[in-house]
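1. Task: produce atomic coordinates for the following.
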Amino acid sequence: MIQCRDCNKSFPLEQFPHRCPECGGLYGFSPGLEFVSNKIEPDQPGIWRYRNGFSLPGGAPVISLGEGNTPLIWSIVADKKIGFKMECQNPTGSFKDRGTAVLMSWLKAAGIEVAVEDSSGNAGASFAAYASRTGIRGKVFIPDSASGPKRQQIESYGSEVVPVSGPRSKAAEAVLNEVEAGTVYASHAYLPHGTAGIASIAYELVDNIGGAPGTVIMPLGHGSLLLGISLGFQALLEAGSISHLPRLIGVQAAACAPLFNSIQADNPRITPVFEGKTLAAGVAISDPFHGKEVLAAIRRSGGTIIMVEESDILKGYELLAKLGLYVEMTSALVWNAIEQIRGSAPEPIISIITGHGLKNG
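-> Presented below is the predicted three-dimensional model:
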């Protein structure tokens, strides 16, 4: 069930607010997701074989472009065997598709015809593609610095694109004017609905390797990827399908690392930081909305957050390419993280490749 984290009021489907209209709080799954192995539907496409655990409203349709079932590619990095979960091979080229497919199912069930989103690229492209698939008219606010390929991809799906001057945060501010006028905000950052789809990464990994990984490494911005994966592993643990939680490692760029700062200071509160320029634009989030929940999930798993300098992002991008993995710069964060934790990380070690290199520009 989706409830307000502050006042516990259930999510009002007909209104589809991005914040609780009663108290202004953020929504989340309470108590969590459910994984029931005997309710998996193998005849459904991709992530939808797990739809009985998505907590969808009655009558919610299957919205799919073939997301999920991404490859797990093994390579040797810093003398360690690393499994790369290739989320870049989802339909629009990023992990966002898993969450967007589920969120669009919710929107369709609610009868929503028009929705807006803000994004530096991947979430916007995913939103635009699935909005078109669903028959929802979309508008995407993007920072005017967003890469050419990402902007072209969003526009090609038919959504209206609104470039906003300034850093990523300005696009997030601009979209709220539209929301205040009454348009539904289909936000990958605020709304928790899509994390149920992202949880399917955990289910697939356990299926891929025959049990729980020891460590899972991933880029970290707002934290929807980490929260979704955490929800998935927690559901598997409670179902008795795995014996332990993997250690979750989030990776941030040094130019914008509020969650790294908080975990280093052992502080449960998030202090917003200056949004510095970084190659890893997908994680340049100065004030992550769900930071408290992200930190709690990391600590619960025994994990941590790693910070990576710009020169190491570029090095990671080049070295991943030499393994045959052409990734976007945000995904390249994981290489240096692997180098930093290789002596202490429980195995098997999995690294999430979040986006395709064709999005660089």
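2. Pick out the residue closest to the middle of the chain.
-> With distances taken as C-alpha atoms, centre = their mean, the chain has Leu225 as the residue nearest its mean C-alpha position (3.1 Å).
3. So it: helix, strand or coil?
-> Following DSSP: H, G, I helix; E, B strand; the rest coil, the label given to Leu225 is helix.
4. please begin residue numbering at 848 from this point
-> Renumbered: residue one is now 848, and that last one reads Leu1072.
5. State the distance from it to Pro1066.
-> Per C-beta to C-beta, to the nearest Å, Leu1072 is found 7 Å from Pro1066. (C-beta placed from N, C-alpha, C; glycine too.)
6. just Arg1094 next, same as before
-> Spatial separation of Arg1094 from Pro1066 under the definition C-beta to C-beta is 16 Å.
7. still on that earlier bit, which residues are common contacts for Leu1072 and Pro1066?
-> Here Leu1072 and Pro1066 have Ile1199, Thr1201 as joint contacts, going by C-beta atoms under 8 Å, 6 or more residues apart in numbering.
8. circling back to that earlier point, which residue packs closest to the residue nearest to the centre of the chain, ignoring adjacent ones?
-> Nearest-residue entry for Leu1072: Met1065, 5.4 Å, with adjacent residues in sequence omitted and distances by C-beta to C-beta, 6 or more residues apart in numbering.
9. ok so the one you found is a strand residue?
-> Yes - using three-state DSSP, the assignment for Met1065 is a strand.
10. Break the protein down into its structural domains.
-> Structural domains of the chain, as assigned by automatic domain parsing, span the residue ranges 848-878, 919-941+1040-1206, 944-1032.
11. could those domains go into JSON lines alongside distance to Glu888?
-> As requested, those are exported to JSON lines (distance: least, C-beta to C-beta, whole Å):
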{"stretch": "domain 848-878", "distance to Glu888": "21"}
{"stretch": "domain 919-941+1040-1206", "distance to Glu888": "12"}
{"stretch": "domain 944-1032", "distance to Glu888": "14"}
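12. With distance to Gln891 and mean pLDDT as new columns, can the ones you listed be given to me in a markdown table?
-> Written out in a markdown table, the entries for the domains of the chain read as follows (distance: least, C-beta to C-beta, whole Å; pLDDT from 0 to 100):
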| stretch | distance to Gln891 | mean pLDDT |
| --- | --- | --- |
| domain 848-878 | 21 | 96 |
| domain 919-941+1040-1206 | 11 | 96 |
| domain 944-1032 | 12 | 93 |
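13. So for Arg896, which of those sits nearest?
-> The closest approach between Arg896 and any of the domains of the chain, judged by C-beta to C-beta, belongs to domain 919-941+1040-1206 at 8.5 Å.
14. Now do the end-to-end distance for that closest one.
-> Start-to-end span of domain 919-941+1040-1206 (C-alpha to C-alpha, to the nearest Å) is 21 Å.
15. Can you pick out the residue with more neighbours from Arg1094 and Pro1066?
-> In terms of neighbours (other C-beta atoms under 10 Å), Pro1066 is the more surrounded of Arg1094 and Pro1066; the figures are 28 against 20.
16. Dig out what the more buried one forms beta bridges with.
-> Assessed by DSSP bridges, Pro1066 has beta-bridge partners Val1098.
17. From one end of stretch 977-995 to the other, what's the distance?
-> For stretch 977-995, the separation between the terminal residues is 20 Å (C-alpha to C-alpha).
18. Report the contact partners of the most far-flung residue of the chain relative to its centre.
-> In the chain, Asp926 marks the outermost C-alpha relative to the chain mean, sitting 28.6 Å out by C-alpha atoms, centre = their mean. Going by C-beta under 8 Å, 6+ apart, Asp926 touches Arg1189.
19. rewinding a little: and the domains of the chain: which comes nearest Ser911?
-> Counting by C-beta to C-beta, Ser911 lies closest to domain 944-1032 out of these; the figure is 5.9 Å.
20. Tell me how far that closest one lies from the chain's centre.
-> Centroid separation between domain 944-1032 and its chain, computed with C-alpha atoms, centre = their mean, to the nearest Å, is 15 Å.
21. Could you do stretch 937-950 as well?
-> Between the centre of stretch 937-950 and the centre of its host chain there is 9 Å, according to C-alpha atoms, centre = their mean.
22. same deal with stretch 924-940?
-> Computed by C-alpha atoms, centre = their mean, the chain-centroid distance of stretch 924-940 equals 15 Å.
23. Can you list the residue ranges for strands in this protein?
-> Counting by DSSP state E, the chain forms strands over residues 849-851, 874-876, 919-924, 927-933, 961-965, 984-990, 1007-1011, 1031-1032, 1062-1066, 1094-1100, 1151-1155, 1196-1200, given from the N-terminal end onward.
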